[in-house]
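J.: Could you look at this predicted model? Sequence included:
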Amino acid sequence: MNDGLLGYDIFTIPEFERELPLATGITKIEEFLTSLYKKGYCGPIAIEPWNQTIQNMPLEDAIKAVKESFDKALALINISND
């Protein structure tokens, strides 16, 4: 799971350059995760932090940034006992 880059679409975005979920708002993270939940998906979800900013961070800071992004994305899902 990741977010796109401003000025690109799925056909023109450079390889291995993505933002953390919710960073740019290009990828509809909430809709994506809600769809998975409604379909009953209960498998793994991973963040793919493919950008130089994350790579340049000390490991602990990078892990913290990725976890915060993941937590924010998961908080968007409206999970109730329907």
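T.: Done, it's in. In this text the structure is predicted, and so the values were computed from the model without any measurement. Numbering: from 1, shown residues only.
J.: contacting residues for the closest residue to Ile26 other than its chain neighbours?
T.: Counting by C-beta to C-beta, 6 or more residues apart in numbering, the nearest residue to Ile26 once its immediate chain neighbours are dropped is Gly4, at 3.5 Å. Backbone N, C-alpha and C define where each C-beta goes, glycine included. With C-beta atoms under 8 Å, 6 or more residues apart in numbering as the criterion, the residues that contact Gly4 are Ile10, Ile13, Arg18, Glu19, Thr24, Ile26, Thr27.
J.: what about 7 Å?
T.: Under the criterion of C-beta atoms under 7 Å, 6 or more residues apart in numbering, the contact list for Gly4 reads Ile13, Arg18, Thr24, Ile26, Thr27.
J.: which of the residues you listed count as buried?
T.: Burial by neighbour count, judged by 16 or more other C-beta atoms under 10 Å, picks out Arg18, Thr24, Ile26, Thr27 from the contacts of Gly4.
J.: Pipe the contacts of Gly4 into a markdown table and attach distance to Ile54, pLDDT and secondary structure per row.
T.: As requested, the contacts of Gly4 are exported to a markdown table (distance: C-beta to C-beta, whole Å; pLDDT from 0 to 100; DSSP: H, G, I helix; E, B strand; the rest coil):
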| residue | distance to Ile54 | pLDDT | secondary structure |
| --- | --- | --- | --- |
| Ile13 | 16 | 88 | coil |
| Arg18 | 10 | 90 | coil |
| Thr24 | 14 | 93 | coil |
| Ile26 | 17 | 92 | coil |
| Thr27 | 16 | 91 | coil |
